[in-house]
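In: Mind looking at a prediction? Sequence and model below.
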Amino acid sequence: MNDKIKIGIVGTGARASFFFRDVLSVRDDVEIVAIADTDEKNMQVYSDWVHEKRGYRPKQFNDYEKMYNEAGINVVMIFSSWIEHVDATVKAMEKGIIAGCEVGGAYDIYDCWKLVDTYERTKTPVMLLENCCFGRLELLALNMKRLGLFGDVVHCTGSYSHDLRSELADGVFNHHYRLKEVLSRNADTYPTHDFGPISKILDINRGNRIVSLVSMSSCAMGLKEYAKNYSKPDKYSENRILSFSGMEKDEIHRMKTHSEILQNQTVRQGDYFNSLIKCANGETIQLTLDTTLPRYYSRNFSIHGTKGMLYEENKSVFLESDYSEKDGSEWNKHFGNVEEYYKKYDHPIWRNKTSGNGLLTGGHGGMDALMLDCFIDCIKNKTEFPIDVYDMATWMSITCLSEQSVFLGSTPQVVPDFTRGRWMHRKNDFLL
C-alpha cells in the first residue's frame, strides 16, 4: 500500500491519546481523516491536535457506522469503551475496513465467535492492540524461550495488579467506564495485558491452545472501604478530567461523585481474582486481577522452564547454565540481573528500534510505539498481524469464561477452539 493510510478513530478517551501522540509525531504515512464519538468537546480536542500537527482537521461523527459509510477510511482504530469493541470491529470488517482494536474482555462467548465468523466470511484482518506483548521484558522472555534457554516451559504467571481505587472512587471522571464494570461483574475483566505475552511464549493458537479454565474470586471490600473517605474530586482526578474531557471546573463540581455512588451500590468485582488455565500441550497458567486494594503496580510476569526461569517482580533471570548453584539455593543473590540479559538477548524488535541503546520513546516505556508501528507496517506490507482475530477471540474469552466459572462455584470451563483445529498446523512465521 503506497498511498497514505486513511484512518478513522472510534472513541476519544485517554487510550486514544497515546495513538495520537506516538503516531502523529513520527509517521507521515498515515492520515487521521475522521473521528467518531458522542462527546463533541472531546472530539474537538483531538481535532485540534491533528490540526496542530498536520494542518488539517478530520471530519467528526457522532456515529461510528456513519463514519464507516461516509469518511472514506480504509483503517479504523477502536478506542471506545469495552462494551463497544466487538460490534465496532465486526461492523468494520463488514465494510472491508481493517481494524485495530484496543484491549478488554468479552461479555459472552457468542461475541468471540462473531469476531471469528465475520473474519472468515469477509477476510478483513483485525489486530488486537495489546501493547504488553511489545514490552521489553516480555520480548526478552520470548526471544530467550525461542532460543531454548528456558528448556521446556511448564508454567507461566501474569497479573494485572494496579491500584485503581482513586481512578474508580475519587471524583467524577465519568468518562471512565471501569466503575460500571466492577459494580456489575465478577470476572477477570482485563486479562490480555497478562495473558497476551504468555500466549506468545506458549505458542497459543499456533501449535498449542488453552483447553480449560477455572476461576476463584475473593470478597469485595477494598473499593467501598476506600470510598468512605471521599466525596469530592481530588486534584489528581480533577486534572485528569480537565485534560481528557474538555469539561469546565464548574461542570465537574455539579456532578455526583463516584464515591457517593459507591456508598449505595453493591460491588460485585472481588478484590483478588485468580484463574488457572490448562493448555493442550500440558502447560499451566495462573492469571490474577488485583485492582481495588493498596499495592504497587505489577504484571507479575514469570516463566518457569526445565532449564531456568524469568521473574518480573525482582527483574531477574535464572538459568542453570549460568550458575554453579544448580539447586537454586543461592540464586537470590542474583536478583535484579536482567540488564545483563538485555545486553545479550534483547529481542530484535526492541533492538532494531532502539539502535542498541535500550531506550525507546513513546507511551508505556515505548511499547505503544512498537505496537502501533507493527500495526501500520503490517498494513503497508500486506503481512499478517501477529495478534490476529483468533488471538483476539481467545484472549477476550477469558473474561466471560472466568465470570461463568465463579458464578457456578468455581467450576472448570471448557475453552472453545476458535481456530477450529487450525492451531495444530498454524505457524509462528513472524518475530512476535
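Out: Cool, got the structure. Residues are numbered from 1 along each chain as shown.
In: could you pull out the helices for the stretch 251-400 of the chain?
Out: Assigned by DSSP state H, counting those that start in this stretch, the helices in the stretch 251-400 of the chain fall at 258-263, 338-345, 348-354, 367-381, 389-407.
In: and residue 10, which of those is closest to it?
Out: helix 367-381 (14.9 Å; C-beta to C-beta). Where you see a C-beta, it was placed from the backbone N, CA and C, and this is true even at glycine.
In: For the protein, give me the ranges with low pLDDT.
Out: 1-2, 171-176, 230-261, 354-363 (pLDDT under 70).
In: where do the strands sit along it?
Out: Listed in chain order, the strands of the chain (DSSP state E) span 5-10, 30-36, 59-61, 75-78, 98-101, 126-128, 153-161, 210-217, 273-279, 284-290, 302-305, 308-311, 316-319, 413-414.
In: Which residue, other than its chain neighbours, is closest to residue 272?
Out: Leaving aside its chain neighbours, residue 272 sits nearest to residue 218 (4.1 Å; criterion: C-beta to C-beta, 6 or more residues apart in numbering).
In: which residues touch that neighbour?
Out: Going by C-beta atoms under 8 Å, 6 or more residues apart in numbering, residue 218 touches 270-273.
In: and which of those residues is nearest residue 367?
Out: residue 273 (24.1 Å).
In: List the contacts of the nearest residue to the closest one once chain neighbours are set aside.
Out: Spatial nearest neighbour of residue 273, excluding adjacent residues (C-beta to C-beta, 6+ apart): residue 289 at 4.1 Å. Residue 289 makes contact with 159-161, 188-191, 272-273, according to C-beta under 8 Å, 6+ apart.
In: Please repeat the previous calculation with a cut-off of 7 Å.
Out: 160, 188-190, 273 (C-beta atoms under 7 Å, 6 or more residues apart in numbering).
In: same check, this time on residue 65
Out: Neighbours of residue 65 in contact, by C-beta under 7 Å, 6+ apart: residue 91.
In: measure the residue of the chain most remote from its centre to residue 333 for me?
Out: Most distant from the centre of the chain: residue 324, at 38.8 Å, with distances by C-alpha atoms, centre = their mean. The gap separating residue 324 from residue 333 is 12 Å, by C-beta to C-beta, to the nearest Å.
In: now the helices of the stretch 251-400 of the chain as a markdown table including distance to residue 313 and mean neighbour count?
Out: A markdown table is the format used below for those (distance: least, C-beta to C-beta, whole Å; neighbours: other C-beta atoms under 10 Å):
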| stretch | distance to residue 313 | mean neighbour count |
| --- | --- | --- |
| helix 258-263 | 31 | 19 |
| helix 338-345 | 11 | 14 |
| helix 348-354 | 21 | 16 |
| helix 367-381 | 19 | 21 |
| helix 389-407 | 22 | 25 |
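In: Around residue 48, how many other residues sit close by?
Out: 12 (other C-beta atoms under 10 Å).
In: circling back: and the helices of the stretch 251-400 of the chain as TSV, adding distance to residue 142?
Out: As requested, those are arranged in TSV below (distance: least, C-beta to C-beta, whole Å):
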stretch	distance to residue 142
helix 258-263	38
helix 338-345	10
helix 348-354	9
helix 367-381	13
helix 389-407	14
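In: what sits against the residue nearest to residue 304 when sequence neighbours are not counted?
Out: In this structure, residue 304 finds its nearest non-sequential neighbour in residue 155, 4.3 Å apart by C-beta to C-beta, 6+ apart. For residue 155, the residues meeting the contact criterion (C-beta under 7 Å, 6+ apart) are 283-284, 304.
In: Can you say which of those residues are buried?
Out: 283, 304 (16 or more other C-beta atoms under 10 Å).
In: could the contacts of residue 155 go into JSON lines alongside distance to residue 312?
Out: Output for the contacts of residue 155, formatted as JSON lines (distance: C-beta to C-beta, whole Å):
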{"residue": "283", "distance to residue 312": "18"}
{"residue": "284", "distance to residue 312": "18"}
{"residue": "304", "distance to residue 312": "13"}
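In: Which of the contacts of residue 218 ranks first by neighbour count?
Out: Tallying neighbours with other C-beta under 10 Å puts residue 273 at the head of the contacts of residue 218, with 28 neighbours.
In: pretty sure it contacts residue 217?
Out: Yes - using C-beta atoms under 7 Å, residue 273 makes contact with residue 217 at a distance of 4.8 Å.
In: hey, what's the residue nearest to residue 304 bridged with?
Out: Under DSSP bridges, the beta-bridge partners of residue 155 are residue 284, residue 304.
In: From residue 389, how far off is it?
Out: For residue 155, the distance to residue 389 - C-beta to C-beta - is 28 Å.
In: Just the buried ones out of the contacts of residue 289, please.
Out: 160, 188-190, 273.
In: about what we covered before: among the helices of the stretch 251-400 of the chain, which is nearest residue 132?
Out: helix 367-381 (6.6 Å).
In: can you give me how far that closest one is from the chain middle?
Out: Its chain's C-alpha centre and that of helix 367-381 lie 15 Å apart, by C-alpha atoms, centre = their mean, to the nearest Å.
In: list the helices and strands it packs on?
Out: With contacts taken as 3 or more C-beta pairs under 7 Å, 6 or more residues apart in numbering; DSSP states H and E, helix 367-381 sits against helix 14-24.
In: contact partners of the helix it packs on?
Out: Contacts for helix 14-24 (C-beta under 7 Å, 6+ apart): 9, 30, 46, 49-50, 53-54, 77, 79, 102, 244, 362-363, 368-369, 372.
In: and the angle for that helix with strand 5-10?
Out: 160 degrees (axes from the mean of the first three to the mean of the last three C-alpha atoms, to 10 degrees).
In: Mind listing what's buried along helix 14-24?
Out: Using 16+ other C-beta under 10 Å as the test for burial, helix 14-24 gives 15-24.
In: Considering these, which is situated nearest to residue 340?
Out: So of the buried residues of helix 14-24, ranked by how close each gets to residue 340 (C-beta to C-beta), first place is residue 22, at 29.3 Å.
In: mind checking how far the closest one is from residue 419?
Out: Counting by C-beta to C-beta - residue 22 and residue 419 are separated by 31 Å.
In: mind listing what the residue nearest to residue 401 when sequence neighbours are not counted touches?
Out: The shortest distance from residue 401 to any non-neighbouring residue, by C-beta to C-beta, 6+ apart, is to residue 413 (4.5 Å). Neighbouring residues of residue 413 by C-beta under 7 Å, 6+ apart: 212-213, 401, 404-405.
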